[in-house]
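In: Dropping the sequence and predicted coords here.
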Amino acid sequence: RKLAYVSVLFRHGDRSPIKAYPTDPYQESAWPQGFGQLSQEGMRQHYELGQFLRSRYKNFLNESYSPHEVFVRSTDVDRTLMSAAANLAGLYPPNSQQMFRPDLKWQPIPVHTVPLSEERLLSFPLDDCPRYKQLMNETEHTPEFINAISTYQDLIELVKNKTGLKNTNVETVWSVYDTLFCESRHNMTAPDWVTPDVMEKLKNLKDFGFQVIFGVHKQQEKSRLQGGMLLNEIVKNLSKMATPDPTQQLKLLMLSGHDTTVTALQASLNVFNGIQPPYASCHIFELYREDNGSASVSMFYRNDSNMEPYPIQLPGCSLNCPLEDFLEITKGSISDDRDKECQL
Ligand SMILES: CCCNC(=O)[C@H](O)[C@@H](O)C(=O)O
């Protein structure tokens, strides 16, 4: 079998917090680039991921960049745009005749995007869907959700008292965890109420939050309204690329998104592991043409740069999943008329 086409979706790299809580000793001025920006560690993470992709596909992708070979799309957010650029610097270092300056081993490669207000492929959950809002309301009344909140009730109280946040719901607790996590990654001393036990519990609550957004209750219907839209685009591409076409030169689709983008897609495939996707984590689709002319899809998830990406099995299919089975199995997560399904 021969590799015919690759699609990758990744989360941006390490960043500064999106915001600080009121009593946080580290406000926006503590961060060189301000809130929500890719850090140099995040740039290195993506440069490394680009180098990994280069070595993984060294016999598939051309050595030198060609606009016909790769298409890159990112959300219109600094950290994802910059992550894609850093990734491409690792994936396509220019050969000598491609260098436009003798002292610069880098070439510009386009990263396409659309305004966030028009983004419907890479930003989830989309909040334009009344039915999804209803599903989330239902989720908050399930035993799992009620049980989780009561388990963490004292933690939520602690966060409320210590952060100066008025109304602490799960959403605000997630953002406090995120802020504390970013600060810890940048060696900023945490306030004394943030013990390892508190961080562990906050992390568990954050992971539960990811499960809740795209699952826990009516996961497939949530997927049809959210991540299934991205899955549909990827599946349509796989089908198109499976048909041999000598004029078709595209080999790689690179998508730069967020933790929620990776989660939404994996939940729509029913392969989400329940853990917030780490920085620069990468979901890989590989399309193969079999010797008998048929096509198959293999998936991998790279969530640890020290390990080989691990194979991901689509439930109901083999690791090397025949394309027609892949299409059939994923159909349930893809809506034919999402706008209609969103109506109450
Ligand atoms: C409201 C803040 C939403 N968070 C983001 O956009 C981040 O990029 C988050 O998705 C992430 O992957 O870190």
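Out: Cool, got the structure.
In: As a check, name the ranges of all strands in this structure.
Out: With DSSP state E as the criterion, the chain has strands at 2-11, 70-74, 252-257, 282-289, 295-302, 310-312, 321-322.
In: Does the fourth one reach the ligand?
Out: No: on the criterion C-beta under 6 Å from any ligand atom, strand 282-289 is out of touch with the ligand, staying 12.9 Å away. To be clear about C-beta, it is placed using only N, CA and C from the backbone, and glycine gets the same treatment.
In: Which secondary structure elements does that strand sit against?
Out: Judged by 3 or more C-beta pairs under 8 Å, 6 or more residues apart in numbering; DSSP states H and E, the packing partners of strand 282-289 are strand 2-11, helix 228-242, helix 259-268, strand 295-302.
In: Would you mind listing what in the stretch 201-344 of the chain touches the ligand?
Out: Taking C-beta under 6 Å from any ligand atom as the contact definition, the stretch 201-344 of the chain meets the ligand at 258-260.
In: ok, and the most crowded of those residues?
Out: Of all those, the most densely surrounded is Thr260 (21 neighbours; neighbours counted as other C-beta atoms under 10 Å).
In: Any idea which residue is closest to the centre of this structure?
Out: Val262 (2.9 Å; C-alpha atoms, centre = their mean).
In: With adjacent residues omitted, what lies nearest to that one?
Out: Pro277 (4.1 Å; C-beta to C-beta, 6 or more residues apart in numbering).
In: re the thing from before, any chance of the residues of the stretch 201-344 of the chain next to the ligand in CSV with pLDDT and distance to Tyr310 as columns?
Out: Formatted as CSV, those follow (pLDDT from 0 to 100; distance: C-beta to C-beta, whole Å):
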residue, pLDDT, distance to Tyr310
His258, 98, 21
Asp259, 98, 18
Thr260, 97, 21
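In: Buried deepest among the strands of the chain, which one?
Out: For the strands of the chain, average neighbour numbers computed from mean count of other C-beta atoms under 10 Å are highest in strand 252-257, which has a mean of 24.
In: Parallel or antiparallel, which strands does it pair with?
Out: strand 2-11 (parallel), strand 70-74 (parallel) (DSSP bridges).
In: Go through these and name the closest to Leu205.
Out: Nearest of these to Leu205, taken as C-beta to C-beta: strand 2-11 at 19.5 Å.
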